[in-house]
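*Asks:* sharing a sequence plus its predicted fold:
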Amino acid sequence: MLFFLKLCLFLLLVSLSSKANTCLPDAEGLCTPGVTIDEQVTVEKTEEDKGTEIIFTTTTTKTTTTTTVTNEDSGNIVDEPDMNFDWGGEGPANIPSGTFCGDLGPDRCAQITGSGNNKSIMGVDGMGTTFYQEVDISNLNIDNGGEVTYSIKVDKQDDQDRIYMHVTGTGGGTTVFSGTDILSESGVASGYQTYNGSFDFGGVLSKVTIEIGGRNINLAIGPMFDDVSVNVFYNVISTIIEQQITTVEEIVYLNLTDPTQIDLIEEIIEYNDVKIDNEGKVEFIPIEPPKEEITYETVEVEIDTKIEDIEPEMETMEEEIEAEIEIMEEPVEEIVVEAVEEEPPVEEVKEETKEEPTAKEKAATKIVKEIDDKERYDDTAQTKTLIVMQILGDTKTFFNSQSTIIDTDVNEYLNKTIEDQYGMLFDLAQEVTMEDMINAQY
């Protein structure tokens, strides 16, 4: 005989959090924020023959990779964006203030005064003056690419002058991106403007180099600028890998003929929930059957139902009894027997007739007998039995009223004196000597 027992074991549930090395997909610039879920399932089956049993094991490995992408902002990384002092750089420069800064505001601004036509440190042609600074952002741990943006306010009063914005990004000693935007070229009467731009990059970014330069061709009022901001927007990628391994063991017991063992195993499985924790420990939790709500009304309904089942049986019994009575009432041939001797008088025996139980009594008895022996003494069974007794005795309001037993003052009885002759007899006995009692025997 073969008996199959299935057991599910959740052996491993691993949750790992790490940063991915590439963007989604592998590209420069900012990724679109969001969540990506990838699932992979592998199934492995094994078989082990132990002689008395065969174990079939199915191992299912489900790997779920959840990748979450967000964009972070470094804030303005420029040191002294309001141009209150010279950043340093190449060629002559000036930091004027007040009305000289024009529409840039009365505070200080930066002015390009060099008229040279050279190549800057960052490799930009047509340079007479530069403002230059390097910013270390390695503390941001940027390693998934992103975007560098800038904003600058410029007032170019001489249309022959020129001004540009150059930004270079490096990571681990390697140039990640490098870009130059000509803000206002010679021959353009730009006046006061605000310029914005951006540069994409991928991978690691740890340092940003900023160069603002240009030429003052007519040596009058050169290009001026103020309120410089450079922000780094970068991708943060969080990857959670959740691996769930489910092992299902199907044990085939060979030549299992003992019905007791089979019944025991089936009963354990039927009446218990099997719980397995992350460490593989198995716990059997008994399944509690739902408790029946017992009320006077529910028992009345149950009795009425039983009566409907019993009434046909009682009608059949009545018909059988009536048939027997008809047979007994048929005339019997009279037989005369001559008495040989006088029989002793026979005492008259009164035959007691036992009243047949009613249908309600039979239904109530049947309900009580149907209570399981294991549950006979629990609250539900005792409540049902008590209600059945109430219904049979028509005492539905038995518990609705209570009477109080009034105690009588016991001190009244304790203060009474018992009148008897024992005291007198005791006194009389003191006057009789032992000799008198011995003589009284003769």
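*Replies:* Looks like it came in fine.
*Asks:* which one is the residue nearest in space to the middle of the chain nearest to, not counting chain neighbours?
*Replies:* Geometric centre of the chain, nearest residue: Asp277, 14.8 Å, by CA atoms, centre = their mean. Spatial nearest neighbour of Asp277, chain neighbours left out: Glu283 (7.5 Å); criterion: CB to CB, 6 or more residues apart in numbering. For glycine as for every other residue, the C-beta is placed from the backbone atoms N, C-alpha and C.
*Asks:* for that neighbour, what are its contacts?
*Replies:* 274-277 (CB atoms under 8 Å, 6 or more residues apart in numbering).
*Asks:* again with Asp103
*Replies:* Applying CB under 8 Å, 6+ apart, the residues contacting Asp103 are 155, 192.
*Asks:* helix, strand or coil for it?
*Replies:* helix (DSSP: H, G, I helix; E, B strand; the rest coil).
*Asks:* and the residue nearest to the centre of the chain, how far from Pro286?
*Replies:* 18 Å (CB to CB, to the nearest Å).
*Asks:* try Pro259
*Replies:* Relative to Pro286, Pro259 is positioned 23 Å away (CB to CB).
*Asks:* again with Glu292
*Replies:* From Glu292 to Pro286 the distance is 18 Å (CB to CB).
*Asks:* Lys362 now?
*Replies:* From Lys362 to Pro286 the distance is 36 Å (CB to CB).
*Asks:* now swap in Gln111 and tell me
*Replies:* Separation of Gln111 from Pro286 (CB to CB): 87 Å.
*Asks:* more neighbours: which of the two?
*Replies:* Here Gln111 and Pro286 are compared on neighbour count by other CB atoms under 10 Å; more neighbours surround Gln111, at 21 against 8.
*Asks:* partner residues bridging that one?
*Replies:* Per DSSP bridges, the residues bridged to Gln111 are Asn94, Met224.
*Asks:* isn't it right up against Gly91?
*Replies:* No - counting by CB atoms under 8 Å, Gln111 sits too far from Gly91 to count as a contact (11.6 Å).
*Asks:* all helices for this structure, in order.
*Replies:* Applying DSSP state H to the chain gives helices spanning 259-270, 296-328, 359-369, 379-392, 411-414, 422-429, 434-439.
*Asks:* what about the spatially closest residue to Ser97 that is not a sequence neighbour, how many neighbours?
*Replies:* Spatial nearest neighbour of Ser97, chain neighbours left out: Arg108 (4.5 Å); criterion: CB to CB, 6+ apart. Under the neighbour criterion other CB under 10 Å, Arg108 is assigned a count of 18.
*Asks:* quick one: residues contacting Arg108.
*Replies:* Arg108 sits next to 82-85, 95-97, 101, 226 when contact means CB under 8 Å, 6+ apart.
*Asks:* again, 6 Å this time
*Replies:* 83-84, 95, 97 (CB atoms under 6 Å, 6 or more residues apart in numbering).
*Asks:* was I right about Thr130 contacting Ser120?
*Replies:* Yes - counting by CB atoms under 6 Å, Ser120 is a contact partner of Thr130 at 5.2 Å.
*Asks:* which residues do these two both contact?
*Replies:* Residues touching both Thr130 and Ser120 (CB under 6 Å, 6+ apart): Gly213.
*Asks:* between the contacts of Glu283, which sits nearest Ala189?
*Replies:* Asp277 (77.4 Å; CB to CB).
*Asks:* how much space between that closest one and Pro106?
*Replies:* Taken as CB to CB, the span from Asp277 to Pro106 is 72 Å.
*Asks:* quick one: the strands in the stretch 151-300 of the chain?
*Replies:* All strands of the stretch 151-300 of the chain, identified by DSSP state E, counting those that start in this stretch, fall at 162-171, 174-184, 191-201, 207-215, 224-253, 272-276, 282-286.
*Asks:* how far off centre is the second one?
*Replies:* Going back to what we said before, that points to strand 174-184. 52 Å (CA atoms, centre = their mean, to the nearest Å).
*Asks:* what is the neighbour count of the closest residue to Ile240 other than its chain neighbours?
*Replies:* In space, Ile240 comes closest to Thr66 once its chain neighbours are excluded; the distance is 4.5 Å by CB to CB, 6+ apart. The number of residues packed near Thr66 is 16, by other CB under 10 Å.
*Asks:* what sits opposite Thr66 in the beta ladder?
*Replies:* Applying DSSP bridges, one finds that Thr66 bridges with Ile37, Ile240.
*Asks:* ok, it touching Ser238?
*Replies:* No - counting by CB under 6 Å, Thr66 does not reach Ser238; the two are 8.5 Å apart.
*Asks:* picking that back up, how close does the residue nearest to Ser97 get to Met83?
*Replies:* Noted for Arg108: a distance of 6 Å to Met83, by CB to CB.
*Asks:* likewise for Val248?
*Replies:* Separation of Val248 from Met83 (CB to CB) stands at 71 Å.
*Asks:* with Gly98 instead?
*Replies:* Taking CB to CB, one finds Gly98 at 14 Å from Met83.
*Asks:* when those two are compared, which one has more neighbours?
*Replies:* Comparing Gly98 with Met83 by neighbour count (other CB under 10 Å), the higher total belongs to Met83, at 26 against 11.
*Asks:* contacting residues around the more buried one?
*Replies:* 108-110, 226.
*Asks:* burial check on the nearest residue to Val208 once chain neighbours are set aside, number of neighbours?
*Replies:* Spatial nearest neighbour of Val208, chain neighbours left out: Val135 (4.9 Å); criterion: CB to CB, 6+ apart. As a burial measure, Val135 scores 14 neighbours (other CB under 10 Å).
*Asks:* Asp125 too?
*Replies:* Counted by other CB under 10 Å, the residues lying close to Asp125 total 10.
*Asks:* now do the contacts for it.
*Replies:* Counting by CB under 6 Å, 6+ apart, the residues that Asp125 touches are Lys119.
*Asks:* separation between it and Leu183?
*Replies:* In terms of CB to CB, Asp125 sits 15 Å off from Leu183.
*Asks:* ok, now Ile221?
*Replies:* To Leu183, Ile221 is 16 Å away according to CB to CB.
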